[in-house]
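Trainee: no sequence for this one, just the structure:
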């Protein structure tokens, strides 16, 4: 029986049959590629259901839950009815997010520019719908978060892959905007899958290139707060003309609550509000309340980040000891993206072998770069330090056996 990872590599369905055995119509926009990491998660779940112990290095999900103090406050509030909020989000949460930009970036942000969304995924759908017309070209510096490409396709836009280089720490360069005739550019800092960050000067140069071209800049900042040697720079520090996307999933450890936010230019607020009202009505009310409380749980959240820092050092040393030495050390987030071309020309099969033989789930690079990702793997160190230690020991054993 094919595994979930096998299914990820299979071509898309060619058609659907109705109850009379006739081909049922479907849109080409709906024929997006699978999110391979989710298929890896399912393969790992199947292995666990069969009784195996699996170490999860595949998914970018914190091993911790939402902050305890925030959860306690929400529980105490649940006698109050939950219902629809206004489309842009709870006013108190929008104001708290605006204050966050002053605290972290010294940016004076008008709360009316804040849009609370159903996760960062909802923010991207709103952003792409608000900014671009059908078939316009939007640039992605590959490797990148795979759902950018699939959401763009689903809303009738053209994703333009822009190969980045190790020398540029896998970040796009300003010239790419004009060279590729882009209507928009998505940047991520810290990036998924590489964990690399843009400096303030680099982000300013990309912003200027977009302005010169008349292109929109969309800045994915969902890993802000998870940094090591330096803090991440927000696009709002260099321009007011960007769409900035963030989420409560990573630093705030609220993946399952599905709530994020977006900062948009003042004259775009009503455009986005109308879209949000019709697409989502609002983000989940309980999640918005929890998010408001979580923003004041700094001590617990910083303790989580200290674990990521420990895991990062362990991951860098452990991968190198196992013979996986080709990667750019991450500046932020909780990933290492490693070139495994010295060991395989098929990272998808390699990831299946690691899961089957070592009991470690990792993500093949084809998720992030459909052209060059066949010889790359992403390793997440978001789980507990004990899990990361055990996973690295298993990887070292696996690699030693492969080399024997």
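Mentor: On my side now, so go ahead. The structure presented is a predicted model; accordingly, all values stated were derived computationally and were not measured.

Trainee: Residue 68 against residue 300, yeah?
Mentor: Yes. Checked against C-beta atoms under 8 Å, the pair residue 68 and residue 300 is within contact range at 6.7 Å. (Glycine included, C-beta is placed from N, CA and C.)

Trainee: higher neighbour count, these two?
Mentor: Neighbours were counted for residue 68 and for residue 300 using other C-beta atoms under 10 Å; residue 300 has more, 16 against 11.

Trainee: Check what pLDDT the more buried one gets.
Mentor: The pLDDT attached to residue 300 in the predicted structure is 97.

Trainee: That one is in what secondary structure piece?
Mentor: Counting by DSSP states H and E, the element that carries residue 300 is helix 298-321.

Trainee: And residue 69, by the same measure?
Mentor: In this structure, residue 69 sits in helix 68-77 according to DSSP H and E.

Trainee: hmm, who's touching the helix or strand following that helix?
Mentor: Using DSSP H and E, the helix or strand that directly follows helix 68-77 along the chain is helix 91-105. Judged by C-beta atoms under 8 Å, 6 or more residues apart in numbering, the contacts made with helix 91-105 from elsewhere in the structure are 88, 107-116, 224-225, 231, 233-234, 236-237, 261, 263, 288-289, 291-292, 295.

Trainee: Just the ones of those residues in helices?
Mentor: 288-289, 291-292 (DSSP state H).

Trainee: Per the annotation, how does this structure divide into domains?
Mentor: Structural domains of the chain, as assigned by automatic domain parsing, span the residue ranges 4-61+299-403, 80-296.

Trainee: Let me know which of the ones you listed is tucked in deepest.
Mentor: For these, the stretch with the most neighbours on average is domain 80-296, a mean of 20; neighbours defined as mean count of other C-beta atoms under 10 Å.

Trainee: quick one: that one to chain centroid distance?
Mentor: Here the centre of domain 80-296 is set off from its chain's centre by 11 Å, with C-alpha atoms, centre = their mean, to the nearest Å.

Trainee: Export the ones in helices among the contacts of helix 91-105 as JSON lines, with columns for pLDDT.
Mentor: Output for those, formatted as JSON lines (pLDDT from 0 to 100):
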{"residue": "288", "pLDDT": "98"}
{"residue": "289", "pLDDT": "97"}
{"residue": "291", "pLDDT": "98"}
{"residue": "292", "pLDDT": "98"}
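
Trainee: For the residues you listed, give me JSON lines that also has distance to residue 253.
Mentor: JSON lines is the format used below for those (distance: C-beta to C-beta, whole Å):
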{"residue": "288", "distance to residue 253": "16"}
{"residue": "289", "distance to residue 253": "16"}
{"residue": "291", "distance to residue 253": "11"}
{"residue": "292", "distance to residue 253": "15"}
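
Trainee: so which of these comes closest to residue 175?
Mentor: Closest to residue 175 out of the ones in helices among the contacts of helix 91-105 is residue 291 (38.3 Å), distances taken as C-beta to C-beta.

Trainee: And that closest one, how far from residue 74?
Mentor: Relative to residue 74, residue 291 is positioned 10 Å away (C-beta to C-beta, to the nearest Å).

Trainee: now residue 177
Mentor: Counting by C-beta to C-beta, the gap between residue 177 and residue 74 amounts to 43 Å.

Trainee: do the same with residue 126
Mentor: Computed with C-beta to C-beta, the distance linking residue 126 and residue 74 is 25 Å.
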